[in-house]
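Participant: Predicted model follows, preceded by the sequence.
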Amino acid sequence: MTSTDHLQRYDRAQTYPWNYEHAPEYPPIVDVPDVPGEWSFCGLKVLSPLGIPAGPLLNGRWVLYYGALGFDVLTYKTVRSSSRECYPLPNLVPVNIDQIHGSEHSVAATDNMRGSWAVSFGMPSAEPDVWRRDIEWTRKRLPSEQVLSVSVVGTVQPGWSIEQLADDYALCARWAVESGADCIETNFSCPNVSTCDGQLYQQPESAAVVTERVRAAIGDTPYIIKIGHVTTEAQARDLLESVAPHIDAVAMTNSVAARVTTTDGTELFDGQPRGICGQSTLEASLAQVVLFRCVIDQLNKSISIIGVGGASTADDVRRYLNNGVVAIHMATAPMLDPLTGVKIRHEFAGGLLKGLR
Ligand SMILES: Cc1cc2nc3c(=O)[nH]c(=O)nc-3n(C[C@H](O)[C@H](O)[C@H](O)COP(=O)(O)O)c2cc1C
């Protein structure tokens, strides 16, 4: 299991459409060990707490690929109510930082991938007809015990009210459910889109409007909100109180925002911040999970937490579980090493989960 060279992965030197078209044709045949224990995800029975968040799964073929590689909750990359192009290359720029906390003025780009990168896609989307058909195609082929979650985002138009934006989120969510999505995730965080839809997690009243409309559109379908970096108890409390009546779970942390500079000091991305994802976000994401677990318990709400950010090993997964998450979703690590999930499961099969509190 040491060489993973034969396994296909996202090619960051190529464009987003290229990677969309060059999705793996067939899932790999890999021995995937069982994970001991009983697991559930927003009320759905699953075989492990391992999943892929919105990002690496550009279409159904990518979903089936990672579904065969040890991940049981597969999140379809964020889709919209109309098509949108991806930002130009580079979309993924490796950065040189051990742990990021959010107060850094900037982080340095590097040629050497050390586990973290700046992510700059701008949430592209295929036409709704295309993604709706693809979700239907995917759900039919995905094993029944695996969960297909679909991430959606509203696309704000000039002059729109929050109600109009909420309706746009709800439309996408309804379409996704009609196509067979088992869960809906609304992306409330994307630091590289400088419009109001990008930062709903920082606007509790608007977040309440959107979650209410989405809930009305999807009935009992499990509903997750994906949020960005939150560090204060007051912010966590305000957000949770606003959305609690409508959601089942909160997924965090989307990324930690920072500007990116080259070694000669030139600012990339026109000096605009980008989301930093990967290993360097592990401690900040875990701290946010601890904060939210505490606030959810204080408020006595039944909201699950999905741990996202920086996980790459069985030990990282165990740390997230010890802090009360129901699932751990990984993007960067399995994009770099498609056998990440299989390796973690081997460790769990060997007894690492016994370390759980
Ligand atoms: C290539 C890539 C694309 C992403 N696209 C999305 C997206 O469309 N929607 C979203 O909510 N998050 C997106 N993200 C963020 C991930 O869902 C996740 O929150 C982040 O990568 C942190 O996890 P990681 O440290 O395991 O990579 C993307 C991340 C990556 C690496």
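Facilitator: Here it is on my side, so go on.

Participant: Please make it C-alpha for all contacts and neighbour counts, starting now.
Facilitator: OK.

Participant: and residue 75, which of the three is it?
Facilitator: Classification of residue 75 by DSSP: H, G, I helix; E, B strand; the rest coil places it in strand.

Participant: pLDDT score assigned to the nearest residue to it once chain neighbours are set aside?
Facilitator: Closest residue to residue 75 apart from its sequence neighbours, by C-alpha to C-alpha, 6 or more residues apart in numbering: residue 149 at 4.5 Å. For residue 149, the pLDDT comes out at 98.

Participant: just checking, residue 149 touches residue 72?
Facilitator: No: with contact defined as C-alpha atoms under 8 Å, residue 149 does not count as touching residue 72 (10.5 Å).

Participant: re earlier: could you confirm the residue nearest to residue 75 falls within a strand?
Facilitator: Yes: counting by three-state DSSP, residue 149 is located in a strand.

Participant: Pick out the residue nearest the middle of this structure.
Facilitator: Geometric centre of the chain, nearest residue: residue 53, 3.0 Å, by C-alpha atoms, centre = their mean.

Participant: quick one: that residue from residue 148, how far?
Facilitator: Noted for residue 53: a distance of 11 Å to residue 148, by C-alpha to C-alpha, to the nearest Å.

Participant: can you tell me the helix or strand for the residue lying farthest from the centre of the chain?
Facilitator: For the chain, the residue at maximal distance from the C-alpha centroid (C-alpha atoms, centre = their mean) is residue 264, at 32.2 Å. Counting by DSSP states H and E, no helix or strand carries residue 264.

Participant: Can you give me the pLDDT of it?
Facilitator: Note on residue 264: pLDDT of 87.

Participant: and what of residue 224?
Facilitator: Residue 224 is assigned 98 on the pLDDT scale.

Participant: interface residues of the stretch 1-150 of the chain facing the ligand?
Facilitator: Counting by C-alpha under 6 Å from any ligand atom, the stretch 1-150 of the chain comes close to the ligand at 53-56, 77-78, 119, 123.

Participant: run the last query once more with 8 Å
Facilitator: Taking C-alpha under 8 Å from any ligand atom as the contact definition, the stretch 1-150 of the chain meets the ligand at 52-56, 77-79, 91-92, 116-117, 119-124.

Participant: Out of those residues, list just those in helices.
Facilitator: With helices taken from DSSP state H, there is no overlap with those.

Participant: and those, which are buried?
Facilitator: Buried subset of those (neighbour count, 16 or more other C-alpha atoms under 10 Å): 52-56, 77-79, 91-92, 116-117, 119-124.

Participant: What's the end-to-end length of stretch 145-154?
Facilitator: The first residue of stretch 145-154 is 29 Å away from its last residue (C-alpha to C-alpha).

Participant: Tell me the buried residues in it?
Facilitator: 146-154.

Participant: Dump the residues you listed into JSON lines; add distance to residue 235 as well.
Facilitator: Output for these, formatted as JSON lines (distance: C-alpha to C-alpha, whole Å):
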{"residue": "146", "distance to residue 235": "34"}
{"residue": "147", "distance to residue 235": "30"}
{"residue": "148", "distance to residue 235": "30"}
{"residue": "149", "distance to residue 235": "26"}
{"residue": "150", "distance to residue 235": "26"}
{"residue": "151", "distance to residue 235": "23"}
{"residue": "152", "distance to residue 235": "23"}
{"residue": "153", "distance to residue 235": "22"}
{"residue": "154", "distance to residue 235": "22"}
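
Participant: Nearest to the ligand among these?
Facilitator: Distance to the ligand across the buried residues of stretch 145-154 (C-alpha to the nearest ligand atom) is lowest for residue 151, with 6.7 Å.

Participant: Is that closest one bridged to anything, and to what?
Facilitator: residue 185 (DSSP bridges).

Participant: close enough to count as contact, it and residue 184?
Facilitator: Yes: with contact defined as C-alpha under 8 Å, residue 151 reaches residue 184; the gap is 6.1 Å.

Participant: As CSV, could you dump the C-alpha coordinates of stretch 77-90?
Facilitator: What follows is stretch 77-90, C-alpha atoms only, in CSV (Å, rounded to 0.1, in the frame of the first residue of the first chain):
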residue,chain,number,x,y,z
LYS,A,77,-19.1,20.2,-4.7
THR,A,78,-21.1,23.3,-4.2
VAL,A,79,-23.7,24.0,-7.0
ARG,A,80,-25.7,27.0,-8.0
SER,A,81,-29.0,27.9,-9.7
SER,A,82,-27.1,29.0,-12.8
SER,A,83,-23.7,28.0,-14.3
ARG,A,84,-20.6,29.9,-13.2
GLU,A,85,-17.0,29.7,-14.5
CYS,A,86,-14.1,28.9,-12.3
TYR,A,87,-11.5,31.5,-11.4
PRO,A,88,-8.3,31.3,-13.7
LEU,A,89,-5.3,29.3,-12.7
PRO,A,90,-3.7,29.0,-10.2
